[in-house]
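Engineer: only geometry, no sequence info:
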């Protein structure tokens, strides 16, 4: 493609573009399906173009692969996207809102100056706690981005291959596994940066614009069994964003074991033990840097005498410690007792309520981002949390939701938040 424009009474070449595309599909009877759609464009400036000595190259593409093997023992799907473009630089500003309104973040005025600073903004630990709204403000600067994305799913189900129910084969068919992965990366070209490779996560800050990744692996025993099941999980979530105020990076890793067993008709016991790692790294706000290692233990008993009623009691014990700056000795213990109940009166009405008592024992510097993360937004001492939710379908396409939440954290004043929401689908 050649573009001309009238300049000084004559047509002058302004740009020349070379486009190449490749698309296709390949299917196999064994259950494999591969689709691809790729496009490449090279844009060269003409006589009046400012980029005539540095041609612009753009690559767009999508590859999708689905496969089913061994009568369904292996099921897999992969979706890979690559693109190029321009993106405006952004910065975040925060505006106060009343608690219970449509806030998105929690502002903790740690220095008491009444001014919102970026290092005082936290994610709300529970619904209704947000008191500021985050607004994305675009600057006038544009940067070229190279984007790559991958989403993958792998399932292993031995029961599709093994028919025996006794012996070793019967034991193996009770197991199953699932792995999910999602990576979304935006980068700029740089030395050693493979812009087309979403699996390259170690990228210099000078080339990274944004990165979000989630990896989860689950191993199941007796999945979906009414009497007993067990689940082993490993989850790794990362988020890194480069703003005008520097980069901000977060990571959370969790390994957990969950067991569920039926004690008697209507009685279910659930136990979960997990080890977590929470990491935060901020370029210009060192107070937000921490590496917290914690252990959680949660036994729970559920009683469901009928399909319309369920109640539960749970005890949760947590211990966490900041291992990044050990000279401050920042650690926290939490013990929570939680009661909950759900009533389904009819197919149109559902009522659920819960109340919890949380005892927090924190050691370290108070009123810091680390203390907020260790105590999950609660306060040292006793904390009371309770909520009530009523959902009712008024018509086939109209839903009414009424929510009430209350809390008293430490010596802070009592807080009540109520919301009424009506949803209509057309």
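Structural biologist: Noted; the coordinates are in hand. Because the structure is a prediction, the values reported are computed rather than measured.
Engineer: so where is the stretch 51-200 of the chain shaky, pLDDT-wise?
Structural biologist: Low-confidence segments of the stretch 51-200 of the chain, defined by pLDDT under 70: 51-55, 88-90, 99-101, 127-128, 139.
Engineer: Also the stretch 201-350 of the chain?
Structural biologist: Using pLDDT under 70, the flagged stretches of the stretch 201-350 of the chain are 243-246.
Engineer: The same query, at a cut-off of 90, please.
Structural biologist: 201-211, 223-226, 239-250, 280-289, 306-308, 324-330, 344-349 (pLDDT under 90).
Engineer: Residue 358 versus residue 410, what's the distance?
Structural biologist: For residue 410, the distance to residue 358 equals 10 Å [CB to CB, to the nearest Å]. Glycine gets a C-beta too; all of them are placed from N, C-alpha and C.
Engineer: Around residue 120, how many other residues sit close by?
Structural biologist: Here the number of neighbours of residue 120 (other CB atoms under 10 Å) works out to 22.
Engineer: and the nearest residue to residue 181 once chain neighbours are set aside, bridged to which residues?
Structural biologist: Spatial nearest neighbour of residue 181, chain neighbours left out: residue 152 (4.5 Å); criterion: CB to CB, 6 or more residues apart in numbering. Beta bridges link residue 152 to residue 78, residue 181, judged by DSSP bridges.
Engineer: Residue 152 contacts residue 67, correct?
Structural biologist: No: Residue 152 lies out of contact with residue 67 (CB atoms under 8 Å); the separation is 11.6 Å.
Engineer: Common neighbours of the two, please.
Structural biologist: 76-77 (CB atoms under 8 Å, 6 or more residues apart in numbering).
Engineer: for the residue nearest to residue 181, what are its contacts?
Structural biologist: Here residue 152 is in contact with 76-79, 179-182 (CB under 8 Å, 6+ apart).
Engineer: picking up where we left off before, between residue 410 and residue 358, which is the more surrounded one?
Structural biologist: residue 358 (22 against 12).
Engineer: Need the phi and psi values for that one.
Structural biologist: Here is the backbone geometry of residue 358 (degrees, to the nearest 10): phi -120, psi 120.
Engineer: re earlier: please enumerate the shared neighbours of residue 410 and residue 358.
Structural biologist: 378, 382-383.
Engineer: The stretch 301-426 of the chain: strands as residue ranges?
Structural biologist: 309-322, 331-343, 349-363, 381-395, 398-409, 415-424 (DSSP state E, counting those that start in this stretch).
Engineer: Can I get the buried part of the contacts of residue 152 as one ChimeraX selection?
Structural biologist: Here is the ChimeraX command that picks out the buried ones among the contacts of residue 152, judged by 16 or more other CB atoms under 10 Å:
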select :76,78,79,179,181,182
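Engineer: Most neighbours among the shared contacts of residue 410 and residue 358, which one?
Structural biologist: residue 378 (24 neighbours).
Engineer: you'd agree it is up against residue 411?
Structural biologist: No: taking contacts as CB under 8 Å, residue 378 lies outside contact range of residue 411: 11.9 Å.
Engineer: count of neighbours near the nearest residue to residue 407 once chain neighbours are set aside?
Structural biologist: Leaving aside its chain neighbours, residue 407 sits nearest to residue 385 (4.9 Å; criterion: CB to CB, 6+ apart). Residue 385: 18 surrounding residues under other CB under 10 Å.
Engineer: Contacts for stretch 24-33, please.
Structural biologist: Residues contacting stretch 24-33 (CB under 8 Å, 6+ apart): 34-36, 64-69.
Engineer: Now do the strands in the stretch 151-300 of the chain.
Structural biologist: Using DSSP E, counting those that start in this stretch, strands in the stretch 151-300 of the chain cover 175-187, 208-221, 228-243, 246-264, 267-282, 290-306.
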